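J.: sequence-free structure coming up:
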């Protein structure tokens, strides 16, 4: 089965939705989507977040926790007839739109899978109910090799789906994490040590690293400032396992040797480019994370120092910091912040030095994980057409 990234999966599901809405007469022929993947790769999250982004409905059906009667309805005697009481969760409004997700489909036994056949295959429950044409049916499940609860799908059910296997991608996840404002230490560490992002090895009955567990590490670190460091270490190890936790905590100690990023953005301390690559990763993630967190009255000064520091960095890390800063102001409600950044007088100078790499892929940690000061090394970004400062401000 071909592997798909989160971004590719989003594009395919959006396409299916658009086709469904444009041609509701084809609803019965538009294939529902089945997402395969290991636990924690974001199968259900990608659908939930897409529905929130589009402002449409989302119904999460955990089939393994249901009974067949939950799908078909409850038979109720009515004199010499039997009437069926359908679940209230199924959408009734013919104009409504959304996604119905049969999550953990592979954890359901054959009896439940058979009960779901008609709903998934024909978008109906006999003559009692039909799925409104604006709703796409999807499913998700683990693979047999994931050592999770996984039953085989019948050939009849499998043949109806468009099957996608989700592949965790550290670059896409860190970009998403930046947009969500997750802890910059986690983002920087995973850029520096991408091999620690996802590992299904060792004792999988304990904590192991996955996109879901790293998100929880980021939240634990952010909200655990009042905890003793030994307790944070236990939490992190409990989420991602001892090995990745040890590496991450060592990375954090290295980051703590850096000057205070808030003081750097306020211009209160001098800036020296860190010599080690892990500290440069930590610095660039922290700069973008803290840039927009200060008082509005400090915005001009913080942007000025952010750009000034970027001019002292090599293009690899300057571009990384700028792309992270841009991700935080992508939404329409942050338009003023974006204008303040792109309209700043020092931005033209920044573009003149680093503009060719602005749309380039992030640098490979294998290429730049060394102890050589970055300003003496050759940038590893691929040359691209330089982005015009004038067009960037419009």
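T.: It's in. Quantities reported herein were computed from a predicted structural model and do not represent experimental measurements.
J.: hey, which helix is longest across the protein?
T.: helix 6-22 (DSSP state H).
J.: elements contacting it?
T.: strand 33-36, helix 43-54, strand 135-141, strand 162-166, helix 170-180 (3 or more C-beta pairs under 8 Å, 6 or more residues apart in numbering; DSSP states H and E). (Glycine included, C-beta is placed from N, CA and C.)
J.: average model confidence for it?
T.: Helix 6-22 comes out with an average pLDDT of 94.
J.: one more: stretch 95-102?
T.: pLDDT averaged over stretch 95-102 gives 95.
J.: any idea which of the helices and strands packed on helix 6-22 is most buried?
T.: Highest mean neighbour count among the helices and strands packed on helix 6-22 (mean count of other C-beta atoms under 10 Å): strand 135-141, with a mean of 25.
J.: isn't residue 93 right up against residue 133?
T.: No: using C-beta atoms under 8 Å, residue 93 is not in contact with residue 133; the gap is 11.2 Å.
J.: quick one on the thing from earlier: any idea how far the longest helix of the chain is from the middle of the chain?
T.: Distance of helix 6-22 from its chain centroid, counting by C-alpha atoms, centre = their mean, to the nearest Å, is 17 Å.
J.: list the buried residues for that helix?
T.: 6, 8, 9, 10, 13, 16, 17, 20 (16 or more other C-beta atoms under 10 Å).
J.: on that earlier part again, and residue 93 and residue 133? which has more neighbours close in?
T.: Neighbours per residue (other C-beta atoms under 10 Å) separate residue 93 from residue 133, with residue 133 holding more: 20 against 11.
J.: show me what contacts that one?
T.: Applying C-beta atoms under 8 Å, 6 or more residues apart in numbering, we find residue 133 in contact with 20, 24, 25, 27, 94.
J.: what would those look like in TSV with distance to residue 141?
T.: Formatted as TSV, those follow (distance: C-beta to C-beta, whole Å):
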residue	distance to residue 141
20	22
24	28
25	30
27	23
94	30
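J.: buried among these? Make that a PyMOL selection.
T.: Buried members of the contacts of residue 133, defined by 16+ other C-beta under 10 Å, are picked up in PyMOL with:
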select buried, resi 20+27
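J.: wait, which of the contacts of residue 133 is closest to residue 297?
T.: residue 20 (48.2 Å; C-beta to C-beta).
J.: contacting residues for that closest one?
T.: Residue 20 touches 26, 27, 30, 133, 134, 135, 136, counting by C-beta under 8 Å, 6+ apart.
J.: torsion angles phi and psi at the third one?
T.: Which is residue 30. The phi/psi pair for residue 30 (degrees, to the nearest 10) reads phi -80, psi 120.
J.: surely it meets residue 135?
T.: No: contact criterion C-beta under 8 Å: residue 30 and residue 135 do not qualify, at 10.9 Å.
J.: got the contact list for residue 139?
T.: With C-beta under 8 Å, 6+ apart, residue 139 has these contacts: 32, 33, 34, 35, 101, 102, 103, 105, 120, 161.
J.: picking up where we left off before, just the contacts of residue 20 now: which is nearest residue 45?
T.: residue 136 (16.7 Å).
J.: excluding its backbone neighbours, what's nearest the closest one?
T.: Distance criterion C-beta to C-beta, 6 or more residues apart in numbering; nearest residue to residue 136, sequence neighbours excluded, is residue 99 at 5.0 Å.
J.: could you pull out the strands for the protein?
T.: Remark: strands assigned in the chain by DSSP state E are 3-4, 33-36, 57-62, 74-78, 81-85, 98-103, 124-125, 129-130, 135-141, 162-166.
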